[in-house]
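*Asks:* curious how this folds, go ahead:
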Amino acid sequence: MPETATQVGTSETARLVLPAVRRRLPRIAQRVADEIRSTVPAYAGADHRQPVFTAVNSAAAYFIGRALGEPVSSMAADDLFAKLGFREGGGGGDLSRLDSAVRVAAGIYWAEIRVEAAALGISPYALEDLRDALDAYAEHLLDQARRGHAAGSTVREQDTGLARRRLVDGLLAGADLADLQPYTEVASWSLPAQVVVIAVELPEEARLDLSDLPASVLCRTATGRAALVGAEADTEDAIAQVRAQVPAARFAVCWPVEPRDAPAAHRWTQRALGLASKGILPPEPVLECRSYRTEIWLHAEPVMRRQLAQELLQPLLEETANSREILSETLLVWLETRDSAPAIAARLGVHPQTIRYRWRRINQLFGDALHDPEYVVQLMLVLKASIALWAAGDQSDFERYSGRAQ
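*Replies:* Down below sits the predicted model:
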């Protein structure tokens, strides 16, 4: 330790006063720790109790040994105060509360020294060198804390990105929210009551600058895709920032869900982009998944859809491609609306008589099955999923049925 840390050497005053103070060090250190917790509320928590007590006791032991001319090392005390500063910097705080704590400690130790000096009949003037040394040592300890604070602040800045990545990875993987909580402070991110998950499709050569995104939005990137997680209020801004960087980006935006449901929301948004790429959902730049929940749900089980199509849509699969298209379209509108022929005709842009003709053919194909409520519900859902596939050019249902019929 530099000689400037304490300017006092061994003196008659120090030899008379400090041994008695040293004998009471554990009790004084405890009193100092209690006073610090009382006057500096930030240090009132149980997690601060032992570090503060240890640092205070170690610093006092060094100061007394140094003042008595003993071969003591400052390394332990310096390291403890550097760690306290590091902790403040790593947590995003300043050194004001640690400065207050050091001033509290110095004041109590000085009071103890004065009491002991008075008991020995030593004049206050004889203590001036000792007081100067105590003040200099307190400043030295704060210098160590500043050094640690600078290092902690640097690490915090570097670790913020890592903490944000662990948060978004954990949320999308379904990690226990309690396990993710420690990362929120480092990441400067508050977990909303509900989150919105956004899947982003990017050109393979595109790279996102995450620093341009709102701090309230977490982002995970990979080649050709990204995932955003944040509160609903931040959705539009996040999309706008990504589009400013990558105009060709396409988005699928989920409706708000509880954080524990983020993995499911991530699957839904990815599925929506996949369905859009196949032509099953419209190629909108920003797909609002809320508008396509049924399609996203039904296409979650492609094998079941295929089996239900072979079973429930058999009458339509026997028709020609053109007949199957117009009859399935008419049937689905009726199942969804139960409207009259004129209303359905207006929706489809054809003459009401055309709808009546189609309806007669539909009744010939399905007969009394259209009066079975459970069958009708299943028929509507499988039609809603299958018609989109057929319109996108997927004829595998018809080909599969033809192969079975041969």
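
*Asks:* which other residues reach stretch 379-393?
*Replies:* Identification of contacts with stretch 379-393 by Cβ atoms under 8 Å, 6 or more residues apart in numbering yields 275, 278-281, 294-295, 298-299, 305, 308-309, 312-313, 324-325, 328-329, 331-332, 335-336, 366, 369, 396-397. Yep, even glycine has a C-beta here, placed from its N, CA and C like the rest.

*Asks:* mind telling me what element the nearest residue to Leu370 once chain neighbours are set aside is part of?
*Replies:* Of all residues not flanking Leu370 in the chain, Val376 sits nearest, at 6.3 Å (Cβ to Cβ, 6 or more residues apart in numbering). Using DSSP states H and E, the element containing Val376 is helix 373-391.

*Asks:* just to check, Ala59 is in contact with Tyr137?
*Replies:* Yes. If you go by Cβ atoms under 8 Å, Ala59 and Tyr137 touch, sitting 7.5 Å apart.

*Asks:* need the contact list for Glu288.
*Replies:* Contacts of Glu288 by Cβ under 8 Å, 6+ apart are Val253.

*Asks:* who's it bridged to?
*Replies:* Beta bridges link Glu288 to Val253, judged by DSSP bridges.

*Asks:* how far does the helix or strand containing Arg164 sit from the chain's center?
*Replies:* Using DSSP H and E, Arg164 maps to helix 128-173. Mean C-alpha position of helix 128-173 versus that of the full chain (Cα atoms, centre = their mean, to the nearest Å) differs by 23 Å.

*Asks:* ok, back up a step: surely the residue nearest to Leu370 meets Phe366?
*Replies:* No. Taking contacts as Cβ under 8 Å, Val376 lies outside contact range of Phe366: 9.5 Å.

*Asks:* between those two, which has more neighbouring residues?
*Replies:* The neighbour count for Val376 versus Phe366, taken as other Cβ atoms under 10 Å, is higher for Phe366 (21 against 14).

*Asks:* OK, contacts around that one?
*Replies:* Going by Cβ under 8 Å, 6+ apart, Phe366 touches 315, 379.

*Asks:* do the same with Leu331
*Replies:* When contacts are counted by Cβ under 8 Å, 6+ apart, Leu331 is found next to 316, 362, 379, 383.

*Asks:* mean confidence (pLDDT) on the helix or strand harbouring Arg360, please.
*Replies:* Secondary structure assignment for Arg360, by DSSP H and E: helix 352-366. Helix 352-366 shows a mean pLDDT of 93.

*Asks:* got the angle for that helix vs helix 373-391?
*Replies:* Helix 352-366 and helix 373-391 are oriented at 110 degrees to each other (axes from the mean of the first three to the mean of the last three Cα atoms, to 10 degrees).

*Asks:* output helix 352-366 as CSV, nothing but the C-alphas.
*Replies:* This file holds the C-alpha atoms of helix 352-366, laid out as CSV (Å, rounded to 0.1, in the frame of the first residue of the first chain):
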residue,chain,number,x,y,z
PRO,A,352,-78.3,-16.8,-56.3
GLN,A,353,-79.5,-19.5,-58.7
THR,A,354,-75.9,-20.7,-59.1
ILE,A,355,-75.7,-21.1,-55.3
ARG,A,356,-79.0,-23.1,-55.3
TYR,A,357,-77.6,-25.4,-57.9
ARG,A,358,-74.4,-25.9,-56.0
TRP,A,359,-76.4,-26.5,-52.8
ARG,A,360,-78.5,-29.3,-54.4
ARG,A,361,-75.2,-31.0,-55.5
ILE,A,362,-73.8,-30.6,-52.0
ASN,A,363,-76.9,-32.2,-50.5
GLN,A,364,-76.5,-35.1,-53.0
LEU,A,365,-72.9,-35.6,-51.9
PHE,A,366,-73.3,-35.3,-48.1
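
*Asks:* buried residues in it, which are they?
*Replies:* 354-355, 358-359, 361-362, 365-366 (16 or more other Cβ atoms under 10 Å).

*Asks:* so how far is Ala385 from the residue nearest in space to the middle of the chain?
*Replies:* Geometric centre of the chain, nearest residue: Leu167, 3.9 Å, by Cα atoms, centre = their mean. Distance of Leu167 to Ala385, computed by Cβ to Cβ, to the nearest Å: 35 Å.
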